[in-house]
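Undergrad: Return atomic coordinates for the entry below.
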Amino acid sequence: MKKVTLLLLFVLAFFSLGFTFYYPIDGYSRTGIKRLLPIQEKLLQEKENSRIRYGAFYSIEDIKLQLRSRKGDSASTLLKEDKALEELLRPLFPTSGYSAAVLDMTDPKNLLYADFRENVGYQPGSVGKIAVINALFDQLAKVCPDSFEERVHILKNKRVGAGFWGTGDHHTIPVYNAEKKNVLKRQVVATDTFSLYEWADHMLSVSNNGAASVIYREALLMKAFGRDYENLTQEEANAFFKETPRDSLTNLSYDVVNEPLRELGIDKDEWRLGGFFTNGPDKYISRKGGSIGTPVGLMKYMVNLEQGKVVDTSSSLEIKRLLYLTDRRIRYAASPSLDSAAVYFKSGSFYKCNRSLGTYCNDYAGNVFNYMNSVITVEHPNGRKYIVCLMTNVLSKNSAGAHMYLAGKIDQTLAEAAK
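TA: A predicted model of the protein is given here:
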């Protein structure tokens, strides 16, 4: 109750001073993300929310880019191995099936970095959705090059439908009921219409694949229509996909998500996305090049984000806000050692079962391949800050527990190294 009371006092103080609240939790007025409303209401009523850890209640003022002072350096220049840190962390990782990159950025002037099998490629799964949100902000900057607030206006007010692009995923989304003032969890249906902000939130906060395909589609349309995108009608968008040759659409969709990564100095063999997250888009667009991710490629992205170099400083900060986890924490982020920390998180899994092999196989425990990946920035109240990119492929085992265990051990090791 104490944490809710303190936050309530903070909320009331800000309202009384006339501040406009942003998000995550207190950001409805800026973003229009409706799932935030019932959380705000519970806070104002001093009700506990057992789904949300203490670290999810940070103020918008606490969400900052941590490496802006190193903006003049390339990510590759900053990622120089620290032998002492590597020796401390290496015993935590098995020799096969695990790859990781760890950056302690507590002191931006003295970064400490270690990696393990960092160039091994993995199927990134839902971690690839970071490339989609990156593509969205890259194209928004081209649609509205002179005003970030115009980009925010589009994100909040441009409403688009799911269609067949957004269906076919078992992951649910939170849908707010204004009359009952509650949230219903359900799958995306073809008639769903949300703002770009809400689709982006569905993609990142609950990792909905349909939402990812919708945002991917909209980034592609921005690239195709440029400044005309804001007033683009659904009929015009449908005609574009029907009338444009498949190979042209395929190349366009590949470029829209991958070219921005190349511009950040991330090689195609370090991270690339080969297609949409649902099967509906196959009607018009083929997959190309396959998807791959490596710890070093993902780490380069996260470093660029903290530097403010992902599109521009405002875009980098907005993407970081969207990655700030204010929902139930899972896998790596579920570690109790991170409860009081702000976490900016995306995880992803991709697995395949073959029952004829005779080995254990289940959901998230494939026996053909079993990828589970975690990308996380951790910011503790005591000032300790670090990034971890962990990628695993351990057959016949749900690795969620292993990621959570490693989260605690890495956090403990970094704390001890700082003493």
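Undergrad: Domain map for this structure?
TA: 2-50, 69-122+322-417, 125-293 (automatic domain parsing).
Undergrad: Please identify which of those is closest to residue 316.
TA: domain 125-293 (8.5 Å; Cβ to Cβ). (Glycine included, C-beta is placed from N, CA and C.)
Undergrad: what mean pLDDT does that closest one have?
TA: Here domain 125-293 scores 95 as its mean pLDDT.
Undergrad: Likewise for stretch 363-374?
TA: On average, stretch 363-374 scores 94.
Undergrad: Restricting to C-alpha, output that stretch in PDB.
TA: Coordinates of each C-alpha in stretch 363-374 appear next as PDB, following Å, rounded to 0.1, in the frame of the first residue of the first chain:
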ATOM      1  CA  ASP A 363       4.800 -25.400 -26.100                       C
ATOM      2  CA  TYR A 364       8.000 -23.300 -25.900                       C
ATOM      3  CA  ALA A 365      10.000 -26.500 -25.500                       C
ATOM      4  CA  GLY A 366      10.700 -27.600 -29.100                       C
ATOM      5  CA  ASN A 367      12.800 -30.600 -29.900                       C
ATOM      6  CA  VAL A 368      13.800 -29.500 -33.400                       C
ATOM      7  CA  PHE A 369      14.700 -26.000 -32.500                       C
ATOM      8  CA  ASN A 370      13.700 -24.000 -29.500                       C
ATOM      9  CA  TYR A 371      14.800 -20.300 -29.600                       C
ATOM     10  CA  MET A 372      14.200 -18.000 -26.700                       C
ATOM     11  CA  ASN A 373      15.600 -14.500 -26.700                       C
ATOM     12  CA  SER A 374      15.600 -11.600 -24.200                       C
END
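Undergrad: got the buried residues for it?
TA: Across stretch 363-374, burial judged by 16 or more other Cβ atoms under 10 Å covers 365, 366, 367, 370, 371, 372, 373, 374.
Undergrad: same deal with stretch 137-146?
TA: 137, 138, 139, 140, 141, 143, 144.
Undergrad: Nearest to residue 76 among the residues you listed?
TA: For the buried residues of stretch 137-146, the nearest to residue 76 is residue 138 (20.6 Å; Cβ to Cβ).
Undergrad: Output the helix or strand containing the closest one in PDB with nothing but the alpha carbons.
TA: Following DSSP states H and E, one finds residue 138 within helix 129-143. Provided in PDB are the C-alpha atoms of helix 129-143 (Å, rounded to 0.1, in the frame of the first residue of the first chain):
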ATOM      1  CA  LYS A 129       9.400  -6.500 -33.500                       C
ATOM      2  CA  ILE A 130      11.900  -4.000 -32.400                       C
ATOM      3  CA  ALA A 131      13.000  -3.700 -36.000                       C
ATOM      4  CA  VAL A 132       9.300  -3.000 -36.900                       C
ATOM      5  CA  ILE A 133       8.900  -0.200 -34.400                       C
ATOM      6  CA  ASN A 134      12.200   1.200 -35.700                       C
ATOM      7  CA  ALA A 135      10.900   1.100 -39.200                       C
ATOM      8  CA  LEU A 136       7.700   2.900 -38.100                       C
ATOM      9  CA  PHE A 137       9.700   5.800 -36.600                       C
ATOM     10  CA  ASP A 138      12.100   5.900 -39.500                       C
ATOM     11  CA  GLN A 139       9.200   6.400 -41.900                       C
ATOM     12  CA  LEU A 140       7.400   8.900 -39.700                       C
ATOM     13  CA  ALA A 141      10.500  11.000 -39.800                       C
ATOM     14  CA  LYS A 142      10.300  11.000 -43.600                       C
ATOM     15  CA  VAL A 143       6.600  11.800 -43.600                       C
END
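Undergrad: Beyond it, next helix or strand please.
TA: According to DSSP H and E, the helix or strand after helix 129-143 is helix 148-157.
Undergrad: Return the list of helices and strands in contact with that following helix.
TA: helix 28-31, helix 129-143, strand 193-195, helix 196-205, helix 313-323 (3 or more Cβ pairs under 8 Å, 6 or more residues apart in numbering; DSSP states H and E).
Undergrad: on that earlier part again, what's the farthest-apart pair in the buried residues of stretch 363-374?
TA: Using Cβ to Cβ, the pair of the buried residues of stretch 363-374 lying farthest apart is 367 and 374, separated by 21.4 Å.
Undergrad: Do you have the helices of this structure handy? List them.
TA: Remark: helices assigned in the chain by DSSP state H are 2-16, 28-31, 36-44, 75-78, 83-89, 129-143, 148-157, 196-205, 209-225, 234-243, 246-263, 295-307, 313-323, 400-417.
Undergrad: got the ones you listed as a markdown table, with distance to residue 168 columns?
TA: Converted to a markdown table, these look like this (distance: least, Cβ to Cβ, whole Å):
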| stretch | distance to residue 168 |
| --- | --- |
| helix 2-16 | 38 |
| helix 28-31 | 26 |
| helix 36-44 | 27 |
| helix 75-78 | 35 |
| helix 83-89 | 40 |
| helix 129-143 | 16 |
| helix 148-157 | 25 |
| helix 196-205 | 14 |
| helix 209-225 | 7 |
| helix 234-243 | 17 |
| helix 246-263 | 18 |
| helix 295-307 | 26 |
| helix 313-323 | 23 |
| helix 400-417 | 24 |
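Undergrad: out of these, nearest to residue 275?
TA: Minimum separation from residue 275 across the helices of the chain (Cβ to Cβ) falls at helix 246-263, 7.5 Å.
Undergrad: how big is the angle separating that closest one from helix 234-243?
TA: If you take axes from the mean of the first three to the mean of the last three Cα atoms, to 10 degrees, helix 246-263 sits at 100 degrees to helix 234-243.
Undergrad: what's in contact with helix 246-263?
TA: Identification of contacts with helix 246-263 by Cβ atoms under 8 Å, 6 or more residues apart in numbering yields 131-132, 134-135, 138-139, 216, 219-220, 223-224, 241, 268, 271-276, 284-289, 297, 301, 311.
Undergrad: tell me which residues in that helix are buried?
TA: In helix 246-263, counting by 16+ other Cβ under 10 Å, buried: 249, 250, 253, 254, 256, 257, 258, 260, 261.
Undergrad: swap in stretch 54-70?
TA: Using 16+ other Cβ under 10 Å as the test for burial, stretch 54-70 gives 55, 56, 57, 58, 60, 63, 65, 66, 67, 70.
Undergrad: one step back: which single one of the buried residues of stretch 363-374 is nearest to residue 323?
TA: Within those, the smallest distance to residue 323 is 12.5 Å, found for residue 374 (Cβ to Cβ).
Undergrad: Contacts only, for the closest one.
TA: 127, 331-333, 345-347, 388-391, 403, 407.
Undergrad: which residue sits closest to it, ignoring its sequence neighbours?
TA: residue 332 (3.7 Å; Cβ to Cβ, 6 or more residues apart in numbering).
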